[in-house]
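Chemist: Give me a 3D structure for the following:
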Amino acid sequence: MNDEKKSLYFYMTIGYIGLLLIGLAAMRYISVFNDTLGLNFVLFGFIFVTEYLRFLGKKLGISKKESNISKAILIVVFSILTFWLYFYIVIVQQTGAKVEQGVVGWQLLF
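Modeler: Numbering: from 1, shown residues only. Below is the predicted model of the structure:
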């Protein structure tokens, strides 16, 4: 694999990680504040940013196969982390459990 391809994969990965973090932050905000207007803003903003990344991918020459693989990975990781974050927040809010700093929320789930 040449340096240009490695660079392309690196920046594509950075872009999708940024999209993942923005999505997780939005889901956390929505689940904490239960804001329907904010939900709509986040939903459409997320769709627009995703479409822009797709457009940039076409301009850079990312193949359809590479694009589909990266999207599938993003969807799987986002779904897993979103469900974990959502149930973590719901359990903390319903039980009133105090979470110490540095404690991972897995302890509250099991």
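Chemist: the helices in the chain, which residues?
Modeler: For the chain, the helices defined by DSSP state H cover 3-33, 36-60, 64-95, 106-109.
Chemist: Would you mark the buried spots in the longest one?
Modeler: By neighbour count, with 16 or more other Cβ atoms under 10 Å as the criterion, the buried positions of helix 64-95 are Ser70, Leu74, Phe78, Thr82, Leu85, Tyr88, Ile89. C-beta coordinates here come from the backbone N, C-alpha and C atoms, glycine included.
Chemist: What about Gly23, how many residues nearby?
Modeler: When neighbours are defined as other Cβ atoms under 10 Å, Gly23 has 20 of them.
Chemist: just Arg54 next, same as before
Modeler: 13.
Chemist: for the one 5 residues further on, same thing?
Modeler: The burial count assigned to Lys59 is 8, neighbours taken as other Cβ under 10 Å.
Chemist: And for Ile14?
Modeler: With other Cβ under 10 Å as criterion, Ile14 counts 10.
Chemist: give the contact list for it.
Modeler: By Cβ atoms under 8 Å, 6 or more residues apart in numbering, Ile14 lies in contact with nothing.
Chemist: okay, the helices of the chain in JSON lines with mean pLDDT next?
Modeler: Below are the helices of the chain laid out as JSON lines (pLDDT from 0 to 100):
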{"stretch": "helix 3-33", "mean pLDDT": "81"}
{"stretch": "helix 36-60", "mean pLDDT": "81"}
{"stretch": "helix 64-95", "mean pLDDT": "80"}
{"stretch": "helix 106-109", "mean pLDDT": "48"}
